[in-house]
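[1] The following comprises the amino acid sequence and a computationally predicted model.
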Amino acid sequence: MNSDERKQQLREAQRRRREKLALGERSQVNIFLTQQCKELVDLWCYEYKTDRHNLINVLILAFSKDPKNIFQN
């Protein structure tokens, strides 16, 4: 194996390592955001005295009608 091939292999290994780290970081962010969303839904359910299923249906309906203006009212 010549030095150019070795350098190429090292670059590929570094790229794979960076991608793996980035994937892990995104996974941690997604876990955090999922937990935050659950807490927000629980808060809304408590505030509006409804259950999670009804709240999610209302949000889906609102987003399907006018997703750009859902939070303006």
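    It's in. Residues are numbered from 1 along each chain as shown.

[2] to the chain's geometric centre, what's the distance from the longest helix along the chain?
    Assignment by DSSP state H gives helix 3-48 as the longest helix of the chain. Centroid separation for helix 3-48 versus its chain: 9 Å, with Cα atoms, centre = their mean, to the nearest Å.

[3] immediately after it, which helix or strand?
    The helix or strand immediately downstream of helix 3-48 is helix 52-65, counting by DSSP states H and E.

[4] what's next to that next one, contact-wise?
    By Cβ atoms under 8 Å, 6 or more residues apart in numbering, the residues outside helix 52-65 that reach it are Val41, Asp42, Trp44, Cys45, Tyr48, Ile70. To be clear about C-beta, it is placed using only N, CA and C from the backbone, and glycine gets the same treatment.

[5] Alpha carbons only: can I get that helix in PDB?
    C-alpha atoms of helix 52-65 as PDB (Å, rounded to 0.1, in the frame of the first residue of the first chain):
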ATOM      1  CA  ARG A  52     -53.100  14.100  25.200                       C
ATOM      2  CA  HIS A  53     -55.100  12.400  22.400                       C
ATOM      3  CA  ASN A  54     -57.600  15.300  22.100                       C
ATOM      4  CA  LEU A  55     -54.800  17.900  22.200                       C
ATOM      5  CA  ILE A  56     -52.800  16.100  19.500                       C
ATOM      6  CA  ASN A  57     -55.900  15.900  17.300                       C
ATOM      7  CA  VAL A  58     -56.600  19.600  17.700                       C
ATOM      8  CA  LEU A  59     -53.000  20.400  16.800                       C
ATOM      9  CA  ILE A  60     -53.000  18.200  13.700                       C
ATOM     10  CA  LEU A  61     -56.300  19.800  12.600                       C
ATOM     11  CA  ALA A  62     -55.000  23.300  13.200                       C
ATOM     12  CA  PHE A  63     -51.700  22.600  11.300                       C
ATOM     13  CA  SER A  64     -53.500  21.000   8.400                       C
ATOM     14  CA  LYS A  65     -55.800  24.000   8.000                       C
END
